[in-house]
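Peer 1: Pasted the sequence and its predicted model underneath.
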Amino acid sequence: MSLAPKNNQVTHVLSFASPETRKQGDFKLGYEWDESAAYVGGGTSIENDYDSRFVNLGGRLDFNRKQTTINLGLSYTNSDTHAMLDPDSIYYIGIDNYGKKNQKFQECCVRL
């Protein structure tokens, strides 16, 4: 489904990367016993067009007077992208791969 007619002309486009501004915070807490340890951590990263959150758990077991060690770890990450395409560019790029979930893009196209 295309909201605008496709233009197959050769087009010169000048583009540059916008400066990235990211706010990130992460933490890790741990506690060690004589023959084991446990760790927990997490964090978040926030940008204008990207959000990411993560959490992790870990542990360590020591055997044979610390000559044998087993490490265990588990992590989970959840990320969201909120990219917005330039409304002037929709005549030159295909928008078929953008789903209905991207409301910002559809709003810009309806205004054209």
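Peer 2: Nice, thanks for sending it over.

Peer 1: contacting residues for Gly73?
Peer 2: By Cβ atoms under 8 Å, 6 or more residues apart in numbering, the contact set of Gly73 is Asn56, Leu57, Gly58, Gly59. All C-beta spots, glycine's among them, are computed from the backbone N, C-alpha and C.

Peer 1: ok, it to Leu57 distance?
Peer 2: Using Cβ to Cβ, to the nearest Å, Gly73 is found at 7 Å from Leu57.

Peer 1: do Asp88 as well
Peer 2: Computed as Cβ to Cβ, the Asp88 to Leu57 distance reads 47 Å.

Peer 1: ok so, going back, need the contacts of Gly73 in JSON lines (columns: secondary structure).
Peer 2: Listed next are those as JSON lines, based on DSSP: H, G, I helix; E, B strand; the rest coil:
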{"residue": "Asn56", "secondary structure": "strand"}
{"residue": "Leu57", "secondary structure": "strand"}
{"residue": "Gly58", "secondary structure": "strand"}
{"residue": "Gly59", "secondary structure": "strand"}
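
Peer 1: Strands of the protein, start to end?
Peer 2: Secondary structure of the chain, counting by DSSP state E: strands at 23-32, 36-46, 50-63, 68-81.

Peer 1: Looking at these, which is nearest to Gln9?
Peer 2: Among the strands of the chain, the nearest to Gln9 by Cβ to Cβ is strand 68-81 (29.4 Å).

Peer 1: hang on, the earlier thing: which of the strands of the chain sits closest to Lys6?
Peer 2: Between Lys6 and these, the shortest separation by Cβ to Cβ is 24.2 Å, and it involves strand 68-81.

Peer 1: Partner strands of that closest one and their direction?
Peer 2: For strand 68-81, the paired strands and their directions (DSSP bridges) read strand 50-63 (antiparallel).

Peer 1: Provide the contact partners of the partner strand at residue level.
Peer 2: Contacting residues not belonging to strand 50-63 are listed as 26, 30, 35-46, 68-82 [Cβ under 8 Å, 6+ apart].
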